[in-house]
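Enquirer: curious how this folds, go ahead:
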Amino acid sequence: MTSEKKSLLLAQLQEAIDEAISDSPRVSEVVVEMKLAGYDLCLILESTVAITPNEEHQTDGVPEPMLTDEDLEFLHELNIAA
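Expert: Prediction:
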């Protein structure tokens, strides 16, 4: 995966987290309660995301060729070792 793709996905994750928090009915209720109690609220959340390549799904390299039995038979008929 390119660093550009990673950046795009991380930005989408941040947007999804922001939407989830702002759309949360419970968060909205508490904010209203705090305002009614006479407090102004500034909510600052910090998150850390760590990503590592998954060994089962690596797309950066050349994919391993997948040959069917028919492919192998055809190559054998042409005297080509697979």
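
Enquirer: how about residues contacting the helix or strand Val27 falls within?
Expert: Val27 belongs to helix 25-36 when assigned by DSSP states H and E. Contacts to helix 25-36, defined as C-beta atoms under 8 Å, 6 or more residues apart in numbering, come from residues Ile21, Leu41, Leu43. (Each C-beta comes from the backbone N, C-alpha and C, glycine too.)

Enquirer: ok, 10 Å please
Expert: Ala20, Ile21, Ser22, Ser24, Tyr39, Asp40, Leu41, Leu43 (C-beta atoms under 10 Å, 6 or more residues apart in numbering).

Enquirer: neighbours of the third one, just the number please.
Expert: As a burial measure, Ser22 scores 11 neighbours (other C-beta atoms under 10 Å).

Enquirer: who's in contact with it?
Expert: Ser28, Val31, Leu43.

Enquirer: correct me, but the last one touches Ile21?
Expert: Yes - here Leu43 reaches Ile21: they are 7.8 Å apart, a contact under C-beta atoms under 10 Å.

Enquirer: most neighbours among the contacts of Ser22, which one is it?
Expert: Val31 (15 neighbours).

Enquirer: quick one: it from Val49, how far?
Expert: According to C-beta to C-beta, to the nearest Å, Val31 stands 25 Å off from Val49.

Enquirer: from Lys35, how far out is the residue positioned nearest the centre of the chain?
Expert: Nearest to the centroid of the C-alpha atoms of the chain, with distances taken as C-alpha atoms, centre = their mean, sits Leu9, at 5.6 Å. Plainly put, Leu9 is 35 Å away from Lys35 if you go by C-beta to C-beta.

Enquirer: and for Gln14?
Expert: Gln14 is 26 Å from Lys35, by C-beta to C-beta.

Enquirer: least confident secondary structure element in this structure?
Expert: helix 69-77 (a mean of 78; mean pLDDT, DSSP states H and E).

Enquirer: which one's the longest helix in the chain?
Expert: In the chain, assigned by DSSP state H, the helix with the most residues is helix 3-22.
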